[in-house]
Each structure stands twice: as structure tokens, then as C-alpha cells.
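Student: for reference, the sequence and a predicted model appear below.
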Amino acid sequence: MGTILSIRDLWKIYPNGTIANQDVSVDIEQGSVHAIVGENGAGKTTLMKVVFGITQPKSGSISLRGKPFAPSQPSDAIQAGVGMVHQHLMLAPELTVAENIVLGVEPKNAGVFFDFDAAVRTARDISEQYQLSVPVDKRIDELPVGTRQRVEILKALYRNAELLILDEPTAVLTPQETDILFQTLDRLKEQGKTIVFISHKLKEVKRIADTVTIMRAAKVVETRAAEELTIEAIAERMVGHKIDLSRVPAPEQVGAARLSVRNLCMTRDDGVQAVKNVSFEVAGGEILGVAGVEGNGQTELVRALVGLLPVDSGEILVGSSDIASLSPKEIRHLGVSHIPEDRMEDGVAPLMSIQENIIVDRYDKPAFSTRLRIFWKKVLAHTVGLITDYRVRAGSPKHEISSLSGGNIQKCVVARELSADPDVVVASQPTRGVDIGSWEHLHSLIVEARDRGRAVFLVSADLDEILKLSTRIIVMYDGEIVARFDDASKVTATDLGPYMLGVKRQEADSAAVSA
Amino acid sequence: MTSLLDSIFSVEFLFAVLRVSTPLIFPALGVAITAMSGNINIGLEGIMLIAAFTGVIVSIYTESLMLALLAGVASGIFFGAALGYFHLKLKADIILAAVALNFLASGLTIFLLIVITGGRNTSALRSLTFPSFSIPLLRSIPILGPVLSGHNIMTYVAFLSVLVYYIVMFKTPLGLRIRAVGQNPDAARSVGIDVDRVKLYALMISGVFGALGGLYLSMGYVSWFSRDMVAGRGFIAVAAATMGSNLSLGTLLGSMLFGLVNTLTIYIASLDIPSDLVQSIPYLATVIVLAVYSARNFAPRKRRAAHRRRQRAQAHGKDT
């Protein structure tokens, strides 16, 4: 049917120097569903933000229906017939569906007043025209997420969108809602709309897409017809590098269970079940690796373990105490350390000094303070000791911690967490975004903790890391543990892949554990 | 004591409640409309003071009530827009900008007052006042008549303003946009609405309401300007609007509750109680009402419960 959108040699560099899109070229066929896949940070969302006018490229060109197209703001894109359904829905919660749909182009009464009835009629018409049923006179905050997303799609269609961009639309949906969304997309395609579908859930991409563009590290790796690619082939191109499996030798002895999770269930902010009946144990002296595509409940699970999120039901036992209702501080006192996945958000206070960041969990110990004052000399000596031991490259302990490189900030976090002498180490993406040298060093620190008899719970999106470090491996998909491997040394990435993508699951699993 | 009760359950008392509520209803509507657009406006205090001053001066020099009204409202719009300029364009914190506005208003009016009067007794500045208005049929109804009829015309304008607020907020595209901007600015932006412009309009309209309140104070409630005569009404208005969830009827009732307390204060002053204590009653009432009001919304400290509540509150603006 011809090309509706053509992106040529596009570069996008953010002010902080991050290259988000490097020489990207993509053609999108009119009337097709075109998936753009890639890992987090591969540049797919940035690319679509450029197309929707939210951000502007450094160089390169876009043409829409053969004409040059350079939107400088979303309204330009909307006028040109481009609609975008954002991952975080853009709806006013206390307004009705109809009001949200017509917002910005409100029907008027006598030229002055907002004609609510006309808005309802319009919303109803458009919802019937595209067979997208929504309760037009209900308020947004009364509706489930799947319905809200339909409202978002209707919003775009009401503005005559011919090209509809959906940014990770299934991230917030239940499987049933996902099915309904896909039926909708199929129908929209039949009606001649073009759909760009951003995702990293490959099963869904296979199910819905005609064409797939794979991005990795800001570049387009390949664009091909979806039927020519298997899920495994897409995954390999998405991740890219060959995996080096120089594994850490298994521990000599494994002690008693230090961390036990039984039948844990959690609900996410948007009402989606994030963790479904998860049970596992971690013993002293072993590393339990959690493999899985990010966003399958790992983040929520970790936050529950360290007291940052509430649980719906189930037990989290550290030793023999249930920590499910304790505060993070109480949990730390029971011997749990946390290496958080987002070090700048949860790991450090960026504007405070290295030594202040080191003592946040221990400033109130008699060694460092009385009620009235902090012994800064002792703090300094302590920090200098840790900087040396953990090989942090830092000028002075009094420098702002954010003046360090990412790898060194992470080493500070790890130094604090491991020197707290924990029984249980909860490590989430411990090496994300660090250079290869720090990567190895951090690994050796984690293994050292293991060898001192600590129970290590390791969550990582980096399969190499999981395979290298883990004693045992569990795989999470869609909030569930779908596979368990008791001897990690016999597992390969190929074994894990199908489970991580939700293609395969060990059926006996949940029964075996709940027994 | 019985005489106090007698005087409270009197037509005069209810009449006074309406009179005293008037300079609260106006700024409360101003607070409400900015709150709907997602901003807290504590600058009504200053806007009222400037408008009160402008009205008096213009009425003395021009001897025209209409010009005084127009000048006062214009000053309100101007300072509402100025607040918007500092907050939206120069990205100042709106609370700080409003505090600055309030200090400016206080200092500027005193300064200009001295310049104009040359430091003479300010009560020499007799302002024109808005007329009182007795409603032909209504006034002959017993009890209701004497309570509702015969008020200053601005009191009726205040009640009319509540209706205007309702219509603007819920029956016009602008109101819809103000609410959308307040609830989720990204949503408004995503459909091409200029969020800052909408917020500016809300601040300017709030300036109109604030100015009407100020004008009534100096040109109806009394007939002169005195320093800092707004006396915290701009802040009490924040409490009144918050209590009323920024809705039209709620804001009206909130304002009238504070009006009632203030009127009581006037009546209690006739008793043998230290006057400093009596004068603190309206402010004490504000603190108590707000404390009770927020206690009701305060989530238990347990993290589960607190978290659930937060979830419901922000079920939309998820950011993970």
C-alpha cells in the first residue's frame, strides 16, 4: 500500500551526551502493524517521541505520506494525523470519558458553553464507529486500566489519527485486556490505520506485528517481516553480544535457609497483579539468581523483600521472623542488605558526600554518634577504610557522591551494604550501566559475600550475570515463577530463553512448591 | 449570656453573617479556581489589599464608582497575571512568589498612602461606597426579608459570583481545560492545550475575584482604606476553598462557616472577655477546622494502608 512514514538517517543526542538514536532509518507501511523492539534504553521510545514531536532530532529527516515532516510539538503531529498512546496514560482522572476524548476540541453551545451532551454523543459515535466500547459518561478513575487505554486510543482516533503509535501498551494490561487490545488493533488495521507498536514482549510482537524493527544500543539492527523471524532470533538480535559463560565455581557448602518467601502475592499501583503466589528459599552460602525480562514482577518482589512495598498476602521470613509488615529499618536490623536497581534513586542521596552516604544506615551506632553529635573523624576513617577495601576511585570522602562515575557510585553502595555484615543480601541489577572492570569487581564482591556464608538473592536482566554467579536459578514471567533450575551450572541462556519469554513453563512448579 | 444567645438568634445576626462572609466568598472563589488548575494561590491577601487601595484612591480622585470598580478589578487582573508571570514564565515557586506579592502589597499600599495623604490622618480619605440594595418583593417576607434584603450590592455580586464560578468551571471549555490541567497537565499537553496559558487565565480570573473582595472591604464594608485591612481574609479563603473541595457550593459554605465564626466574634466582643482573645477566635477556628479536615484525610501510618490509599489516589499518574 506504500510507505506512510519514512525515517532517514536520524540522530538524537540528549543534552547529557547520551546517544539515543544513531543513524536510524525505518520505513513504515501504510495499513500495517509495525513493531519496534529492543531492550530498555535501546532508543525505541525516543524514536517515537521524535515522530510525535515531543523531542526534536539532531539530524536526519522524516517524511509522512511522502512530504517532509518535522513536528516541533505534539499538536503538529496530531494535526498531521499521528496519534500516540503513551505508556503512562494521558487522561484527566476526574473528568468523564467523553470530556477526555473531546478535550482541546470541545463542542460548543451558543459559541460559548461547553456542550456536554454533544461531547457524549460524539464519544458514543466514535466508540461505535471503531467498535471500541467505553462507558462515555463514567469518570476515568472509575475505570480499569484496559478501558482507560481504549479511551486513549479513541482520543487519537477522534483527532483523525491515521498513524497510531502505542508505547508498550501491554505493560499495564492483564492478559485478557491484552487480547482485547489486540483484537482492537487488528480491527483498526482492517480499517486502514497504521499501527506502530513498541514493545519488548516478543510473544506479543509475533502475535500482532506484520513487520519488526529490532533496535539495540540506539541503532537499528534489522527490519524484517515478522513471519521471517522466530522469537529466539529476535531475542538474539535484540541482546546482540555472545555470552561468555566463565562461571563462578559452585559454593563448597550451603547452609540453612536464611530467606524464605511463601505464597507471596502483590498488586501494582495500577491494580495489576505483579507477583503471583511466589515461593522460594535462599540458603546461607548460595546465590539464587532470578532471570526474567524486566517488568515481570522482579522489581516489586525485591521492594517487598526490603520493606519498600506492601504485600497482599504471603510470608517473607528472615530467619524465623516475618518481615512483611516491618519498616525498611527494622528489616535491615534483622540482617538484610539491599543493593537497589536504581542507585541514584534508592541507593544514594546524590547531593550528599560519599561519607554521608556511607553512614546513612549506621550513623546512629555508638561507634559514630551520640544522640547529640556525630563523630566525623571516625566516620571519615571508616569511609577511607571502605574506599580502600572496595577499590572505589574517589578524591575525598567529603566530595559529593554524584561526582563519581556510575561504577564507583555503585561500589560505594555495595561497600555500604556488604560492610553492614548482613545475613541476606538482596541485589537488584547490581552491575547495571557500569564499565566492564567494575562489572567483574562487583561480581567478585558478591561471590565473596556468598563464600562468607551470606544468602544472596540476585535479580538481573543481564543473563550473563545470572549464569555466571548463580548457584540456583528461578525464572519469573508475568509475576510467576515459571521455571526452577537447582543446578545452575548445567543451564544455558538457550534453556532460560523460552521461559523468560513465556513460551514455556514448568507445569509442575507451583504445585511442587506450595506443597 | 442569655442576651448573647438572644442576639445570636436574631435577624440582625444572620444579616451580619452574610455581610461578614462577603469578603471571604470572593477570595475563596479565587483560591478555588487556581486550585482547580493545580496551583495553590496564597496571594489573594495581597491582591485584595491592592484592589481595596486602588478602589478608594480612584473613587476619591474621579468620584466615579464605576471607574473605581474598573481600576480595582484591573489591579487584580494585573497582579494575578504578575503572579503567573513569576511562577509560569520565570519558574519561581508560586508560594514564594505569592508571599512576595503579599509583602509588596502591604508595603506599597502603606507607602502610597503616606505619599498621597502626606502622612495626615488617613481617615480623612472618605471613599465612595457601593450602594445597598433592598429587594422589592423579598423585603416584605418576614424574617427572610430582613436577612436577605438591604445588603450592599457587592454581597449579591458575591453570591452571583458563586454561580458564575460554577458556570465557568463546569459549563465552558475553559473550565474543562482548567480542570484537565489541574488533574493531569500531561494529559492536557498531549492534546495540544497550552498548560501555562490555562494556568495564567485561572490566576487572572482569581485576581478578578480577589479584587472584588478587596473593593467590597474598603468601599462597602467600611468606607476608607487602612493599612493591612484585609487582615488574613486571603488566607482564611484558602481554608474555606479547601474545605469546600474547590467546588462552587462547597466553597460558598466554607466561606460562610468562617463568616459565621467571625460574626460570632463580633458579638462575643460585647462580653467581658479580653478583646485580644476574642480577636484570635477566627484564626483559631481556621486552624481547628483545617486540622479536623486534614485529620479526616490522614492515612494511618501503617505502610500497607498508607500505600493502598496512595495507590487509589494516584491510580492514574503511575510512574514506574
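Tutor: Perfect, I can see it now. These figures come from a predicted structure and were not determined experimentally.
Student: how is chain B partitioned into domains?
Tutor: Structural domains assigned to chain B are B:2-273, B:274-320, following automatic domain parsing.
Student: how far out from the middle of the chain is the first one?
Tutor: In terms of CA atoms, centre = their mean, to the nearest Å, the centre of domain B:2-273 is set 4 Å apart from its chain centre.
Student: most tightly packed of the domains of chain B?
Tutor: domain B:2-273 (a mean of 20; mean count of other CB atoms under 10 Å in any protein chain shown). For every residue, glycine as well, the C-beta is placed using N, CA and C.
Student: wait, does that one contact chain A?
Tutor: Yes - under the criterion of CB under 8 Å from any CB of the partner chain, chain A is reached by domain B:2-273 at B:167, B:171-173, B:175-177, B:179-180, B:183-184, B:186-193.
Student: residues contacting B:G76?
Tutor: By CB atoms under 8 Å, 6 or more residues apart in numbering or on different chains, the contact set of B:G76 is B:47, B:50-51, B:207-212, B:214.
Student: do you know how far it is from chain A?
Tutor: 23 Å (CB to the nearest CB, to the nearest Å).
Student: so which helix or strand takes in the closest residue to that residue other than its chain neighbours?
Tutor: Nearest residue to B:G76, sequence neighbours excluded (CB to CB, 6 or more residues apart in numbering or on different chains): B:A211, at 2.6 Å. For B:A211, the element it lies in under DSSP states H and E is helix B:195-216.
Student: same question, B:A239
Tutor: helix B:233-243.
Student: what's the per-residue pLDDT of whichever residue of chain B sits closest to chain A here?
Tutor: Closest to chain A within chain B is B:G192: 3.2 Å, counting by CB to the nearest CB. The confidence metric pLDDT takes the value 83 at B:G192.
Student: wait, isn't it in contact with A:P71?
Tutor: No - checked against CB atoms under 8 Å, the pair B:G192 and A:P71 is beyond contact range at 11.2 Å.
Student: what's the average pLDDT for the helix or strand harbouring B:V289?
Tutor: Assigned by DSSP H and E, B:V289 falls within helix B:281-297. Averaged across helix B:281-297, pLDDT comes to 77.
Student: tell me the helices and strands packed up against that helix.
Tutor: helix B:233-243, helix B:248-268 (3 or more CB pairs under 8 Å, 6 or more residues apart in numbering or on different chains; DSSP states H and E).
Student: by contact count, what packs against the next helix or strand after the longest one?
Tutor: If I follow you right, that is helix B:248-268. Remark: after helix B:248-268, the chain's next helix or strand is helix B:275-279, criterion DSSP H and E. Judged by 3+ CB pairs under 8 Å, 6+ apart, the packing partners of helix B:275-279 are helix B:248-268.
Student: packing partners of the helix it packs on?
Tutor: Using 3+ CB pairs under 8 Å, 6+ apart: helix B:248-268 touches helix B:2-8, helix B:11-36, helix B:153-171, helix B:233-243, helix B:275-279, helix B:281-297.
Student: could you dump the third one to PDB, C-alpha only?
Tutor: The C-alpha atoms that make up helix B:153-171 are tabulated as PDB, following Å, rounded to 0.1, in the frame of the first residue of the first chain:
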ATOM      1  CA  ILE B 153     -24.800  45.300  46.200                       C
ATOM      2  CA  MET B 154     -21.400  43.500  46.400                       C
ATOM      3  CA  THR B 155     -22.900  40.900  48.700                       C
ATOM      4  CA  TYR B 156     -25.300  40.000  46.000                       C
ATOM      5  CA  VAL B 157     -22.500  40.100  43.500                       C
ATOM      6  CA  ALA B 158     -20.600  37.600  45.700                       C
ATOM      7  CA  PHE B 159     -23.400  35.100  45.600                       C
ATOM      8  CA  LEU B 160     -23.800  35.700  41.900                       C
ATOM      9  CA  SER B 161     -20.100  35.000  41.600                       C
ATOM     10  CA  VAL B 162     -20.500  31.600  43.000                       C
ATOM     11  CA  LEU B 163     -22.900  30.900  40.200                       C
ATOM     12  CA  VAL B 164     -20.500  32.400  37.700                       C
ATOM     13  CA  TYR B 165     -17.700  30.300  39.100                       C
ATOM     14  CA  TYR B 166     -19.900  27.200  38.700                       C
ATOM     15  CA  ILE B 167     -20.700  28.000  35.100                       C
ATOM     16  CA  VAL B 168     -17.200  28.900  34.100                       C
ATOM     17  CA  MET B 169     -15.800  25.800  35.800                       C
ATOM     18  CA  PHE B 170     -18.300  23.200  34.600                       C
ATOM     19  CA  LYS B 171     -20.100  24.700  31.600                       C
END
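Student: so what secondary structure elements neighbour that helix?
Tutor: strand A:113-114, helix B:11-36, strand B:132-133, helix B:173-183, helix B:195-216, helix B:248-268.
Student: quick one: the last one to helix B:153-171, angle?
Tutor: Our comparison of helix B:248-268 with helix B:153-171, counting by axes from the mean of the first three to the mean of the last three CA atoms, to 10 degrees, yields an angle of 150 degrees.
Student: what's in contact with helix B:248-268?
Tutor: B:4, B:7-8, B:13, B:16-18, B:20-22, B:24-25, B:28-29, B:31-32, B:159, B:162-163, B:165-166, B:169, B:236-237, B:239-244, B:278-279, B:281-282, B:285-286, B:289.
Student: residue ranges with poor pLDDT in the chain?
Tutor: Because you didn't say which chain, this covers chain A. By pLDDT under 70, the weakly predicted segments of chain A are A:1, A:16-17, A:40-41, A:171-172, A:174-175, A:241-246, A:433-437, A:508-515.
Student: my question was about chain B, not that one.
Tutor: In chain B, residues with pLDDT under 70: B:1-2, B:4, B:119-124, B:295-320.
Student: hmm, 50 instead?
Tutor: B:298-320 (pLDDT under 50).
Student: so for A:Y363, what's the nearest residue that isn't a sequence neighbour?
Tutor: Using CB to CB, 6+ apart, the nearest residue to A:Y363 is A:S369, at 5.7 Å.
Student: show me what the one you found is bridged to.
Tutor: Applying DSSP bridges to A:S369 gives these bridge partners: A:I374.
Student: so it makes contact with A:F375?
Tutor: Yes - contact criterion CB under 8 Å: A:S369 and A:F375 qualify, at 6.2 Å.
Student: circling back to that earlier point, list the contacts for the residue of chain B closest to chain A?
Tutor: A:73-75, A:78, A:104.
Student: got it, and A:S321?
Tutor: A:S321 makes contact with A:L334, according to CB under 8 Å, 6+ apart.
Student: can you pull the contacts of B:L203?
Tutor: Taking CB under 8 Å, 6+ apart as the test, what B:L203 contacts is B:34, B:37, B:39, B:41, B:80-81, B:83-84, B:87.
Student: quick one: it from B:M36, how far?
Tutor: In this view, B:L203 and B:M36 are 11 Å apart by CB to CB, to the nearest Å.
Student: with B:S255 instead?
Tutor: 16 Å.
Student: also A:S32?
Tutor: Counting by CB to CB, the gap from A:S32 to B:M36 is 43 Å.
Student: for A:V82, same thing?
Tutor: In terms of CB to CB, A:V82 sits 31 Å off from B:M36.
Student: would you point out which residue of chain A is nearest chain B?
Tutor: A:S75 (3.2 Å).
Student: what residues does the stretch 301-450 of chain A have near chain B?
Tutor: Checking the stretch 301-450 of chain A against chain B by CB under 8 Å from any CB, the hits are A:307, A:309-311, A:325, A:327.
Student: thanks a lot, see you next time.
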